[in-house]
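J.: 3D model of this:
(2 chains)
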Amino acid sequence: MRFMMITKERKQADPDAMPDARGAATMMKYMESLAKAGVLLAFDGLRSAAMGTQVSFSEGKPVVTDGPFPEAKEVIGGYWMIQVNSKEEAIEWAMRCPAFPDFAIEIRQVLEFSEFPAEVQAAAAIYPRLKAQCRNRPGT
Amino acid sequence: MRFMMLMIPKGYEKATPGTMPDAKIVAAMMKYNESLQKAGVLLALDGLHPPSMGVRISFPRGKPKVTDGPFAEAKEVIGGYWMIQVRSREEAIEWASRCPGSDDCVIELRQVQEMCGFPADVQEAARGYTEFQSGRSRPA
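T.: Numbering: from 1, shown residues only, chains lettered A, B, ... in the order given. All right, here's what the predicted structure looks like:
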């Protein structure tokens, strides 16, 4: 089963914030352990929410709002997508993550096509093909 | 440049375990997904089970603490994501605006932090990052 481990931070980093080298080195060790165990499918870090944009839909019309979003209590910093045999195993992996101040990990199971009820599978018939055709290439 | 489009459906923070998407909404969303794929911008996408089935790991005083969902304090939760590759932030906003969104959903657009954007010392500390990234990426 696949789980998304989403990192959450309490404050929104400055627009041009970069990770520091020491933190990055610690995190690399953790990622290496995920990769070596063969559970790591994908991961990415995201630029600050202060540089993000939200699109909401009011009466069907998109409304664009630029970050920062001062009302947000927490923002997403990045994610790891992992493949494990149980929720317990996902929790174990998250607990091994190096701790940073004001940092938490939310674990969410991926909703797979095979779990959809029959009528939703019918409505989503192209989903497996779409997923197979995703470009899914690493970043440059 | 890569952008993560995070789908934030209002009310999903209160969804009960096992909540499934509605077939009609799924059908509309699949058309949108297909347009992303045909345009060659879609890298990956997934839907997530509600947070009531999730787990949160925080690190008070550096020690992992496990909390089962739902998370009472959460106002906005992710229902799924798209990873897209586009030429500009404007193009990403255009794609998000085309989503068949209802009044009660928000899409947050966040640019992915690519390795080449890191300062030199962080690049050095994060050597292997791109190898992990391209090493393994298998569909469910």
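
J.: Show me the helices in chain B, by range?
T.: For chain B, applying DSSP state H gives helices covering B:23-38, B:89-97, B:120-125, B:129-135.

J.: Give me whichever of the ones you listed is most buried.
T.: Highest mean neighbour count among the helices of chain B (mean count of other CB atoms under 10 Å in any protein chain shown): helix B:89-97, with a mean of 18. Every C-beta, even on glycine, is put in place using the N, C-alpha and C of the backbone.

J.: Could you pull up the mean pLDDT of it?
T.: The average of the pLDDT scores along helix B:89-97 is 97.

J.: Please name every helix or strand in contact with that helix.
T.: Helices and strands touching helix B:89-97, by 3 or more CB pairs under 8 Å, 6 or more residues apart in numbering or on different chains; DSSP states H and E, are strand A:53-58, strand A:61-66, strand B:2-9, strand B:105-111.

J.: again, only using 6 Å
T.: Where contact means 3 or more CB pairs under 6 Å, 6 or more residues apart in numbering or on different chains; DSSP states H and E, helix B:89-97 is packed against strand A:53-58, strand B:105-111.

J.: Sheet-wise, list the partners of the longest one with their directions.
T.: So that's strand B:105-111. Using DSSP bridges, strand B:105-111 pairs in its sheet with strand A:53-58 (antiparallel), strand B:2-9 (antiparallel).

J.: End to end on stretch A:78-87, go ahead and measure it.
T.: 20 Å (CA to CA, to the nearest Å).

J.: Next, the buried residues of it.
T.: For stretch A:78-87, a neighbour-count test (16 or more other CB atoms under 10 Å in any protein chain shown) marks A:78, A:79, A:80, A:81, A:82, A:83, A:84 as buried.

J.: Looking at those residues, which are in strands?
T.: The strands, defined by DSSP state E, take in A:78, A:79, A:80, A:81, A:82, A:83 from those.

J.: Which residue lies nearest the spatial centre of chain B?
T.: residue B:81 (3.2 Å; CA atoms, centre = their mean).

J.: again with chain A
T.: With CA atoms, centre = their mean applied to chain A, the nearest residue to centre is residue A:79, 3.1 Å.

J.: how far away is it from residue A:43?
T.: Separation of residue A:79 from residue A:43 (CB to CB, to the nearest Å): 6 Å.

J.: what's the answer for residue B:97, then?
T.: Taking CB to CB, one finds residue B:97 at 28 Å from residue A:43.

J.: can you list the strands paired with strand B:105-111 in CSV and add distance to residue B:51 and mean pLDDT?
T.: What follows is the strands paired with strand B:105-111, written out as CSV (distance: least, CB to CB, whole Å; pLDDT from 0 to 100):
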stretch, distance to residue B:51, mean pLDDT
strand A:53-58, 19, 93
strand B:2-9, 11, 96
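
J.: nearest residue to the residue of chain A positioned farthest from its centre other than its sequence neighbours?
T.: The centre of chain A is farthest from one residue, residue A:59, which by CA atoms, centre = their mean lies 28.9 Å away. The shortest distance from residue A:59 to any non-neighbouring residue, by CB to CB, 6 or more residues apart in numbering or on different chains, is to residue B:103 (6.7 Å).
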